[in-house]
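Student: test case, fold it:
(chains A, B, C and D)
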2 protein chains.
Amino acid sequence: MDESLLAPLPPFSLLKREQIRAILDHAVSRRADVGITVFNEGDAAERFFLLLDGTIRVAKVTPDGEQVTSLHIPAGQLFGIAPALGRDAYPASAISASEVLFLSWPVSLWHSFIADYPGFATETYKTVGERVAEMNTRIMEMSTQHVEQRIARALLRLVKQSGKRTDEGIEISFPITRQDVSEMTGTTLHTVSRLLSAWEKDGLVSSKRKKIVVCDAHRLVVLGGA
Amino acid sequence: MDESLLAPLPPFSLLKREQIRAILDHAVSRRADVGITVFNEGDAAERFFLLLDGTIRVAKVTPDGEQVTSLHIPAGQLFGIAPALGRDAYPASAISASEVLFLSWPVSLWHSFIADYPGFATETYKTVGERVAEMNTRIMEMSTQHVEQRIARALLRLVKQSGKRTDEGIEISFPITRQDVSEMTGTTLHTVSRLLSAWEKDGLVSSKRKKIVVCDAHRLVVLGGA
DNA sequence: CGGCAGTTTGATCCCGGTCAAAATATGTGG
DNA sequence: CCACATATTTTGACCGGGATCAAACTGCCG
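Tutor: From the prediction side, this is the model:
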């Protein structure tokens, strides 16, 4: 495990090489296939995590078994940072949305990280702030917008966060089903399917099984409502 | 301004009397009538606040002027804590939902508060954590539940947070209109009105103009879905 | 080639939004 | 204290977006 992996990431950007080395020496690394649950909502928050590669889906399950995806976490970000918010249980589950590679540390180290490494706290809370802002926006969207606009925005968010340029357009870099999109937007896979079909006919997107490519982001933005 | 006002509040509970005195000496206090905007979404985050009395409504406005209420803040809590999350602008507006009394400090003091007063940071981030959890729940509700359940839960949340026992039941302690409830639940005042009328007929609630009393919380919980 | 996971498409229904209007409080100035 | 203006609430009629139900279709993997 090389220090240069962590050096460019926000939480560690202000640290010296030997500090990063010390942090790495305490880390446990793990790889997981797509669809693996890293931790479950309600579990005792015993570790916190850093995603090195892949995408993590943060979801809650309703009493009657329906999934609701509240957030996607791209490579390079911390996740499962319950201890930073004074919680002793994870408020949601973390599931790999692709093959993933991540590090983790016991929460007992959290306070020493904060104390010993300047900038670590600041940078961490900045990502918390971004996620709060994103959740706030989601709440606003769900309250006021129609399904079509919500799906358009959801795709744009994914594309911005983890899109890969291809010759057709920008592709979402992890496998994603209609069902997944419906869980992000509070609809049904049927509605998502109908909409994507229509958009494909218009040349807005192009999708295969578990794959979505946004061809005309600009028109999608318009659909989502300036 | 007396130190004993702050002593029992979470962010200050671990501090010594003279520390609280020092904090108070830097504070500006202000009173405001109902409906006053304390700060606006997008404003430069120059101060952070502590609500001493009353209730604050946190809201965003959609591009086309519709309001969405994302949170209610009860007396005793910090608000406008953008600096804690590394933001330089407020992500939402704060409007008084009743007559309010609050203190505020310039953000420049934030870091010294954190550095000088043990427990202040921890307690602050704990409330952030609670709000994140609440927003998460809101997102889940909006995704999966029907209007009736959402309104039931919204009322229960308000009643839990700032309910006052009366002989009829538990009363929401600040003036609240059908419109307000609709902005919390992403519906229309018409639907809220119809529902409250029906519930009143069933003896679940009792409401006057700008006033809602929950008479049978238990049955409301059932309506909201275990 | 059979079977499963994911997708598409059609038909139908109903919750809750929208439009419209009246009824009821509250406040204000004369 | 009354008359009028304004804010809030109530109620009815109607309609449409999107959920639900149902069934067929299309890769893809063993």
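
Student: can we go C-alpha only for contacts and neighbour counts from here?
Tutor: Fine.

Student: isn't A:Ala32 up against A:Leu103?
Tutor: No - in this structure, A:Ala32 is not within contact of A:Leu103 by C-alpha atoms under 8 Å, at 11.4 Å.

Student: low pLDDT regions in chain A?
Tutor: A:226 (pLDDT under 70).

Student: around DNA strand D, which positions in it sit nearby?
Tutor: A:His146, A:Val147, A:Glu148, A:Gly186, A:Thr187, A:Thr188, A:His190, A:Thr191, A:Arg209 (C-alpha under 7 Å from any atom of the strand).

Student: ok, stretch A:63-72 near DNA strand C or not?
Tutor: No - Stretch A:63-72 does not reach DNA strand C (C-alpha under 7 Å from any atom of the strand); its nearest approach is 13.6 Å.

Student: and chain A, which of its residues are near chain B?
Tutor: Contact residues (C-alpha under 8 Å from any C-alpha of the partner chain) of chain A with chain B: A:60, A:62-63, A:68, A:70, A:82, A:84-87, A:91, A:122-123, A:125-129, A:132-133, A:135-136, A:138-140, A:142-144, A:185-187.

Student: which among those count as buried?
Tutor: Neighbour counting over these (16 or more other C-alpha atoms under 10 Å in any protein chain shown) leaves A:60, A:68, A:70, A:82, A:84-87, A:91, A:122-123, A:125-129, A:132-133, A:135-136, A:138-140, A:142-144, A:185-187 as the buried ones.

Student: quote the end-to-end distance of stretch A:161-174.
Tutor: In stretch A:161-174, first residue to last residue: 11 Å (C-alpha to C-alpha, to the nearest Å).

Student: how far does it sit from its chain's centre?
Tutor: 16 Å (C-alpha atoms, centre = their mean, to the nearest Å).

Student: swap in stretch A:59-76?
Tutor: With C-alpha atoms, centre = their mean, you get 10 Å for stretch A:59-76.

Student: what's in contact with it?
Tutor: A:9, A:41, A:50-58, A:79, A:92-95, A:135, A:158, A:161-162, A:180, A:183-184, A:186, B:136, B:139-140, B:143, B:226 (C-alpha atoms under 8 Å, 6 or more residues apart in numbering or on different chains).

Student: again with stretch A:188-201
Tutor: A:Glu148, A:Ile151, A:Arg178, A:Gln179, A:Asp180, A:Val181, A:Ser182, A:Val205, A:Ser206, A:Ser207.

Student: buried ones in that stretch?
Tutor: Those would be A:Leu189, A:Thr191, A:Val192, A:Ser193, A:Leu195, A:Leu196, A:Ser197, A:Trp199, A:Glu200, for stretch A:188-201 by 16+ other C-alpha under 10 Å.

Student: stretch A:17-37 too?
Tutor: The neighbour-count check on stretch A:17-37 (16+ other C-alpha under 10 Å) flags A:Gln19, A:Ile20, A:Arg21, A:Ile23, A:Leu24, A:Ala27, A:Ser29, A:Ala32, A:Val34, A:Thr37 as buried.

Student: equivalent analysis for stretch A:217-226, please.
Tutor: Buried-residue list, stretch A:217-226, by 16+ other C-alpha under 10 Å: A:Ala217, A:Leu220, A:Gly224.

Student: out of those, which is nearest to DNA strand C?
Tutor: A:Gly224 (16.1 Å; C-alpha to the nearest atom of the strand).

Student: contact partners for the closest one?
Tutor: The contact partners of A:Gly224, taken as C-alpha under 8 Å, 6+ apart, are A:Glu148, A:Gln149, A:Arg150, A:Ile151, A:Ala152, A:Arg153.

Student: can you tell me how far the residue nearest to it when sequence neighbours are not counted is from A:Ser143?
Tutor: Once flanking residues are discounted, A:Gly224 sits nearest to A:Gln149: 4.2 Å by C-alpha to C-alpha, 6 or more residues apart in numbering or on different chains. According to C-alpha to C-alpha, A:Gln149 stands 12 Å off from A:Ser143.

Student: what about A:Leu51, how many neighbours?
Tutor: Residues lying near A:Leu51 (other C-alpha atoms under 10 Å in any protein chain shown) number 21.

Student: same question but for A:Ala7, I mixed them up
Tutor: 17.

Student: wait, isn't it in contact with A:Glu18?
Tutor: No - counting by C-alpha under 8 Å, A:Ala7 stays clear of A:Glu18, with 10.8 Å between them.

Student: what's the angle from the lengthiest helix in chain A to helix B:120-144?
Tutor: Counting by DSSP state H, the longest helix found in chain A is helix A:120-144. Counting by axes from the mean of the first three to the mean of the last three C-alpha atoms, to 10 degrees, helix A:120-144 lies at 30 degrees to helix B:120-144.

Student: buried residues in the next helix or strand along the chain from helix A:120-144, which are they?
Tutor: With elements assigned by DSSP states H and E, the helix or strand that comes after helix A:120-144 is helix A:147-162. By neighbour count with 16+ other C-alpha under 10 Å, helix A:147-162 contains the buried residues A:147-156, A:158-159, A:161-162.

Student: which helices and strands does helix A:147-162 pack with?
Tutor: strand A:67-74, strand A:170-172, helix A:178-185, helix A:217-224 (3 or more C-alpha pairs under 8 Å, 6 or more residues apart in numbering or on different chains; DSSP states H and E).

Student: how about it and DNA strand C, any contact?
Tutor: No - judged by C-alpha under 7 Å from any atom of the strand, helix A:147-162 and DNA strand C are separated, with a smallest distance of 12.1 Å.

Student: then stretch A:98-109?
Tutor: No - if you take C-alpha under 7 Å from any atom of the strand as the test, stretch A:98-109 misses DNA strand C, and the best it gets is 12.0 Å.
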